[in-house]
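*Asks:* Predicted model, plus sequence, below.
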Amino acid sequence: LPTVLKKSQETLAQQLENVVTQMRLYLDNTATQSILLKPVSRKLYRVMEDMKKQISENANGDDDPSSSSSSELLDILNNLETIVKTTVSSSNSSNRAAVPTVSAPPTTEATTVAPTTETTSADQNVAPPPTTEAT
């Protein structure tokens, strides 16, 4: 189990960084990134908490000298949690610094523009409509 968790730790760190990098490419808004990452990080935390609970229960129920193994497993799980926290938080904080904030332009009252009655050169080449004399 320790080797599996260590391998998971390495893989998870690489995959999370890859996901965050891809999100930065396509999503400028850090709030959107955070919203998308929250369910993933919650699920990972939940799984790690369940594993910690199982390890603690097994370590308390057994009286063999493998308690160092359970403490090693708990350390690995704590490292996994740290990786998830730092990756998710770095995704939000680094992107905030990279994206400049743009303030909204000042609002102005709408003004009505009257249509112009100027004639253009195209209007001058058009023959006037025929006039009829009324008698």
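*Replies:* Looks like it came in fine.

*Asks:* how about low-confidence regions in this structure?
*Replies:* 60-68, 91-135 (pLDDT under 70).

*Asks:* how about the helices in it?
*Replies:* For the chain, the helices defined by DSSP state H occupy 2-26, 30-61, 67-98, 121-124.

*Asks:* Report the angle between the second one and helix 2-26.
*Replies:* Meaning helix 30-61. Between the axes of helix 30-61 and helix 2-26, defined by axes from the mean of the first three to the mean of the last three Cα atoms, to 10 degrees, the angle is 170 degrees.

*Asks:* list the buried ones in helix 30-61?
*Replies:* For helix 30-61, burial by neighbour count (16 or more other Cβ atoms under 10 Å) applies to Thr30, Gln33, Ser34, Leu37, Ser41, Leu44, Met48, Met51, Lys52, Ile55, Ala59. (C-beta placed from N, C-alpha, C; glycine too.)

*Asks:* Distance of the second one relative to Met23?
*Replies:* In this case it means Gln33. Gln33 sits 5 Å away from Met23, going by Cβ to Cβ, to the nearest Å.

*Asks:* Same question for the fifth one.
*Replies:* Using Cβ to Cβ, Ser41 is found at 13 Å from Met23.

*Asks:* ok, residues contacting stretch 9-16?
*Replies:* Residues outside stretch 9-16 that contact it (Cβ atoms under 8 Å, 6 or more residues apart in numbering): Leu44, Ile76, Asn79, Leu80, Ile83, Val84, Thr87, Val88.
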